[in-house]
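Undergrad: return atomic coordinates for the entry below.
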Amino acid sequence: MNDDTQMMLGDWAKHKPRKDYLMIAAIDPGVTGAIAFYVPGVKDRVATFDMPRVEDEVNAPALRDLLFRYKPEVVGIERVGPMPRDGVKQAWRFSAAYTTAKVVIALAGIKMLTFPPQVWKKAMNITIDKRPNEKAHARSNRAKERSRIRAIQLFPQCADQFALKKDNNRAEAALLVMHLDQILRLDP
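TA: Numbers count the residues shown, from 1 in each chain. Got it, this is the predicted structure:
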């Protein structure tokens, strides 16, 4: 176990044998996305980081370094595409960030699973109903806040990682990693 994992787990790590550890990770893709690291069985601990970036692009070497530092055995990533309201520049930027994350995971030799947003959000109970006459942007903001609140409920000891509204991507990465944990428990 490396020092970062020990710090994330705190005293719990002293009471469990090494064979019980399995580090997993999940990525909420995009330049403003995030990555979460989680040890199944430690329900109140998750480590989240904003997506490393240089200017307006994902910093591939820094993302690789995060993966090598925490050493996840599996990484889940949200399978997304551009939204109809995105302009060409935004769609291109998002696609490049998503592809960069997938390539870094693949080159690191880490098993990768992808999940459509509808699937993992339903499993994590963060879907929201559309209100009459509601603009897409307003609905998106409600969904982001719902994710942040749900992450605080699931990880109360790590609530400081989701304290600000801008932490919604960290919250989504944390919820993605919980969804990955559920899937891995179903498919040993």
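Undergrad: where do the strands sit along this protein?
TA: Residue ranges of the strands in the chain, as given by DSSP state E, are 24-28, 34-38, 47-50, 53-54, 57-58, 74-78, 111-115.
Undergrad: Throw those into TSV and include mean neighbour count and distance to Glu145, thanks.
TA: In this view, the C-beta of every residue, glycine as well, is placed from N, C-alpha and C. Rendered in TSV, the data for the strands of the chain read as follows (neighbours: other Cβ atoms under 10 Å; distance: least, Cβ to Cβ, whole Å):
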stretch	mean neighbour count	distance to Glu145
strand 24-28	28	15
strand 34-38	27	16
strand 47-50	20	17
strand 53-54	14	23
strand 57-58	18	25
strand 74-78	24	18
strand 111-115	16	21
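Undergrad: reformat those strands as TSV; add distance to Leu154.
TA: Supplementary listing: the strands of the chain in TSV, determined by distance: least, Cβ to Cβ, whole Å:
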stretch	distance to Leu154
strand 24-28	13
strand 34-38	10
strand 47-50	12
strand 53-54	26
strand 57-58	26
strand 74-78	16
strand 111-115	17
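Undergrad: and of these, who's closest to Leu180?
TA: strand 74-78 (3.7 Å; Cβ to Cβ).
Undergrad: wait, which of the strands of the chain is closest to Phe94?
TA: Nearest to Phe94, of all those, is strand 57-58, at 10.5 Å by Cβ to Cβ.
Undergrad: from the chain's centroid, how far away is the closest one?
TA: Strand 57-58 has its C-alpha centroid displaced from the chain centroid by 16 Å (Cα atoms, centre = their mean, to the nearest Å).
Undergrad: give the contact list for Arg185.
TA: Pro40 (Cβ atoms under 8 Å, 6 or more residues apart in numbering).
Undergrad: and the strands of the chain as TSV, adding mean pLDDT?
TA: Formatted as TSV, the entries for those read as follows, by pLDDT from 0 to 100:
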stretch	mean pLDDT
strand 24-28	96
strand 34-38	96
strand 47-50	96
strand 53-54	93
strand 57-58	92
strand 74-78	94
strand 111-115	92
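Undergrad: the residue nearest to Tyr98 when sequence neighbours are not counted - how many residues pack around it?
TA: On the basis of Cβ to Cβ, 6 or more residues apart in numbering, the spatially nearest residue to Tyr98 that is not a chain neighbour turns out to be Pro29, at 4.3 Å. Counted with other Cβ atoms under 10 Å, the burial measure for Pro29 works out to 27 neighbours.
Undergrad: so how far is Ala26 from the nearest residue to Tyr38 once chain neighbours are set aside?
TA: Closest residue to Tyr38 apart from its sequence neighbours, by Cβ to Cβ, 6+ apart: Val177 at 4.3 Å. Distance of Val177 to Ala26, computed by Cβ to Cβ, to the nearest Å: 4 Å.
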